[in-house]
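**Q** Next come a sequence and a model predicted from it.
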Amino acid sequence: MDGLSILRAQLSWTHGLMEQAVADLSEEQLHHCGEGWTIRSIAAIYAHCVQAEDWLVNQFLRKQPPVFERENWAEQTGILPFPARGGSHEEWEASLRGVNFPRLRAFAERVYAATDDYLGSLTEADLDQTVTFGRLGDIPVGTFLANIVAGHAAHHTGEVCALKGVLGGKGLPF
(Lines give C-alpha, C1' and ligand atoms only; values in the text may rest on other atoms or scores of the structure.)
Protein backbone atom coordinates (compact mmCIF):
# COMPACT_ATOMS: atom_id res chain seq x y z
CA MET A 1 0.00 0.00 0.00
CA ASP A 2 1.34 3.42 -0.90
CA GLY A 3 1.44 6.56 1.27
CA LEU A 4 -1.46 8.28 -0.48
CA SER A 5 -3.72 5.27 0.06
CA ILE A 6 -2.77 5.21 3.72
CA LEU A 7 -3.48 8.94 4.13
CA ARG A 8 -6.84 8.63 2.38
CA ALA A 9 -7.81 5.67 4.57
CA GLN A 10 -6.63 7.48 7.72
CA LEU A 11 -8.65 10.60 6.97
CA SER A 12 -11.71 8.65 5.86
CA TRP A 13 -11.62 6.65 9.10
CA THR A 14 -11.18 9.75 11.26
CA HIS A 15 -13.94 11.65 9.46
CA GLY A 16 -16.25 8.67 9.83
CA LEU A 17 -15.59 8.43 13.58
CA MET A 18 -16.30 12.13 14.06
CA GLU A 19 -19.53 11.91 12.09
CA GLN A 20 -20.66 8.86 14.11
CA ALA A 21 -19.90 10.72 17.32
CA VAL A 22 -22.03 13.77 16.45
CA ALA A 23 -24.84 11.98 14.60
CA ASP A 24 -27.30 11.67 17.47
CA LEU A 25 -26.59 14.68 19.67
CA SER A 26 -29.34 16.88 21.07
CA GLU A 27 -29.13 20.68 20.95
CA GLU A 28 -28.36 20.67 24.66
CA GLN A 29 -25.51 18.18 24.24
CA LEU A 30 -24.10 20.16 21.31
CA HIS A 31 -23.89 23.39 23.29
CA HIS A 32 -23.36 22.18 26.86
CA CYS A 33 -20.47 23.66 28.83
CA GLY A 34 -20.25 22.63 32.45
CA GLU A 35 -19.55 24.98 35.32
CA GLY A 36 -15.84 25.74 35.41
CA TRP A 37 -15.05 23.76 32.26
CA THR A 38 -12.14 25.00 30.20
CA ILE A 39 -13.06 22.84 27.21
CA ARG A 40 -15.39 24.21 24.55
CA SER A 41 -18.77 22.75 23.64
CA ILE A 42 -19.06 19.84 21.21
CA ALA A 43 -20.50 22.22 18.60
CA ALA A 44 -17.45 24.50 18.97
CA ILE A 45 -14.98 21.61 18.80
CA TYR A 46 -16.68 20.16 15.73
CA ALA A 47 -16.91 23.50 13.90
CA HIS A 48 -13.29 24.33 14.75
CA CYS A 49 -12.10 20.92 13.57
CA VAL A 50 -13.88 21.17 10.21
CA GLN A 51 -12.99 24.82 9.59
CA ALA A 52 -9.35 24.10 10.48
CA GLU A 53 -9.15 21.23 8.00
CA ASP A 54 -10.69 23.45 5.36
CA TRP A 55 -8.07 26.13 6.01
CA LEU A 56 -5.13 23.72 6.32
CA VAL A 57 -5.87 21.82 3.12
CA ASN A 58 -7.50 24.38 0.87
CA GLN A 59 -5.94 27.68 1.82
CA PHE A 60 -2.57 26.60 3.24
CA LEU A 61 -1.70 23.63 0.99
CA ARG A 62 -3.74 24.32 -2.15
CA LYS A 63 -3.38 28.13 -2.01
CA GLN A 64 -7.05 28.71 -2.79
CA PRO A 65 -9.97 30.12 -0.82
CA PRO A 66 -11.42 27.67 1.73
CA VAL A 67 -14.66 25.83 0.92
CA PHE A 68 -16.32 27.86 3.72
CA GLU A 69 -15.64 31.05 1.80
CA ARG A 70 -16.02 29.75 -1.79
CA GLU A 71 -19.44 28.21 -1.18
CA ASN A 72 -20.78 30.80 1.31
CA TRP A 73 -21.15 28.41 4.23
CA ALA A 74 -21.39 31.27 6.74
CA GLU A 75 -24.85 32.03 5.36
CA GLN A 76 -25.80 28.35 5.09
CA THR A 77 -24.73 27.41 8.63
CA GLY A 78 -25.19 30.66 10.52
CA ILE A 79 -21.64 30.66 11.88
CA LEU A 80 -18.71 32.95 11.36
CA PRO A 81 -15.36 31.89 9.91
CA PHE A 82 -13.01 30.60 12.59
CA PRO A 83 -11.07 33.60 13.89
CA ALA A 84 -7.55 34.18 12.69
CA ARG A 85 -4.77 34.25 15.25
CA GLY A 86 -5.62 37.04 17.68
CA GLY A 87 -9.27 37.21 16.55
CA SER A 88 -12.32 37.09 18.81
CA HIS A 89 -13.24 33.55 19.80
CA GLU A 90 -16.16 34.86 21.86
CA GLU A 91 -17.92 36.27 18.78
CA TRP A 92 -17.28 33.07 16.84
CA GLU A 93 -18.56 30.88 19.69
CA ALA A 94 -21.64 33.08 20.08
CA SER A 95 -22.44 32.47 16.39
CA LEU A 96 -22.51 28.73 17.13
CA ARG A 97 -25.58 29.14 19.35
CA GLY A 98 -27.71 29.61 16.24
CA VAL A 99 -25.87 27.05 14.12
CA ASN A 100 -27.86 24.96 11.70
CA PHE A 101 -26.11 21.74 12.72
CA PRO A 102 -27.36 19.62 9.79
CA ARG A 103 -25.95 22.28 7.43
CA LEU A 104 -22.70 22.37 9.42
CA ARG A 105 -22.44 18.61 8.91
CA ALA A 106 -23.12 19.14 5.18
CA PHE A 107 -20.25 21.65 5.17
CA ALA A 108 -18.06 19.02 6.84
CA GLU A 109 -18.89 16.56 4.06
CA ARG A 110 -17.82 19.16 1.47
CA VAL A 111 -14.55 19.73 3.34
CA TYR A 112 -13.90 15.98 3.58
CA ALA A 113 -14.58 15.64 -0.14
CA ALA A 114 -12.25 18.56 -0.95
CA THR A 115 -9.52 16.97 1.18
CA ASP A 116 -9.95 13.64 -0.60
CA ASP A 117 -9.96 15.43 -3.96
CA TYR A 118 -6.68 17.09 -3.02
CA LEU A 119 -5.17 13.76 -2.00
CA GLY A 120 -6.34 12.31 -5.31
CA SER A 121 -4.43 15.04 -7.15
CA LEU A 122 -1.11 14.23 -5.46
CA THR A 123 1.63 11.84 -6.46
CA GLU A 124 3.81 9.89 -4.07
CA ALA A 125 6.63 12.34 -4.92
CA ASP A 126 4.39 15.27 -3.85
CA LEU A 127 4.31 13.84 -0.33
CA ASP A 128 8.05 14.50 -0.05
CA GLN A 129 7.76 18.20 -0.98
CA THR A 130 8.06 20.49 2.03
CA VAL A 131 5.84 23.23 3.41
CA THR A 132 6.85 25.73 6.06
CA PHE A 133 4.39 25.71 8.95
CA GLY A 134 5.05 28.33 11.58
CA ARG A 135 7.28 27.31 14.47
CA LEU A 136 7.38 23.74 13.18
CA GLY A 137 9.42 24.89 10.20
CA ASP A 138 9.74 22.78 7.06
CA ILE A 139 7.61 19.63 7.01
CA PRO A 140 7.09 17.11 4.18
CA VAL A 141 3.54 17.36 2.81
CA GLY A 142 2.88 13.71 3.69
CA THR A 143 3.92 14.28 7.30
CA PHE A 144 1.86 17.48 7.41
CA LEU A 145 -1.24 15.63 6.19
CA ALA A 146 -0.74 12.71 8.60
CA ASN A 147 0.30 14.62 11.72
CA ILE A 148 -1.26 18.05 11.38
CA VAL A 149 -4.46 17.44 9.38
CA ALA A 150 -5.40 13.87 10.35
CA GLY A 151 -3.86 14.12 13.82
CA HIS A 152 -5.84 17.28 14.54
CA ALA A 153 -9.08 15.63 13.45
CA ALA A 154 -8.38 12.50 15.51
CA HIS A 155 -7.52 14.57 18.58
CA HIS A 156 -10.77 16.53 18.41
CA THR A 157 -12.79 13.39 17.67
CA GLY A 158 -11.51 12.02 20.97
CA GLU A 159 -12.58 15.19 22.76
CA VAL A 160 -16.07 15.00 21.26
CA CYS A 161 -16.41 11.33 22.24
CA ALA A 162 -15.24 12.01 25.79
CA LEU A 163 -17.64 14.93 26.18
CA LYS A 164 -20.47 12.87 24.75
CA GLY A 165 -19.72 10.21 27.37
CA VAL A 166 -19.70 12.80 30.17
CA LEU A 167 -23.12 13.93 28.94
CA GLY A 168 -24.52 10.41 29.17
CA GLY A 169 -24.07 9.24 25.59
CA LYS A 170 -21.86 6.59 24.07
CA GLY A 171 -18.93 8.24 22.32
CA LEU A 172 -18.32 5.56 19.71
CA PRO A 173 -20.31 2.49 18.67
CA PHE A 174 -17.59 0.02 19.67
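**A** Now that the structure is in, tell me what you want to look at.

**Q** so where do the strands sit in this structure?
**A** Using DSSP state E, the strands assigned to the chain run over residues 130-132, 138-140.

**Q** Next, format those strands as JSON lines and append distance to V22 and mean neighbour count.
**A** Where C-beta positions appear, they are placed from N, C-alpha and C, glycine not excepted. Converted to JSON lines, the strands of the chain look like this (distance: least, CB to CB, whole Å; neighbours: other CB atoms under 10 Å):
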{"stretch": "strand 130-132", "distance to V22": "30", "mean neighbour count": "12"}
{"stretch": "strand 138-140", "distance to V22": "29", "mean neighbour count": "14"}
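
**Q** Throw those strands into CSV and include mean pLDDT and distance to R110, thanks.
**A** Compiled in CSV, the strands of the chain are given as follows (pLDDT from 0 to 100; distance: least, CB to CB, whole Å):
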stretch, mean pLDDT, distance to R110
strand 130-132, 96, 23
strand 138-140, 97, 26
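
**Q** Let me have the ones you listed in TSV, extended by distance to L167.
**A** Formatted as TSV, the strands of the chain follow (distance: least, CB to CB, whole Å):
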stretch	distance to L167
strand 130-132	38
strand 138-140	36
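
**Q** so which of those comes closest to G169?
**A** strand 138-140 (35.9 Å; CB to CB).

**Q** Which neighbours in the sheet does that closest one have, and how are they oriented?
**A** Note on strand 138-140: by DSSP bridges, its sheet partners are strand 130-132 (antiparallel).
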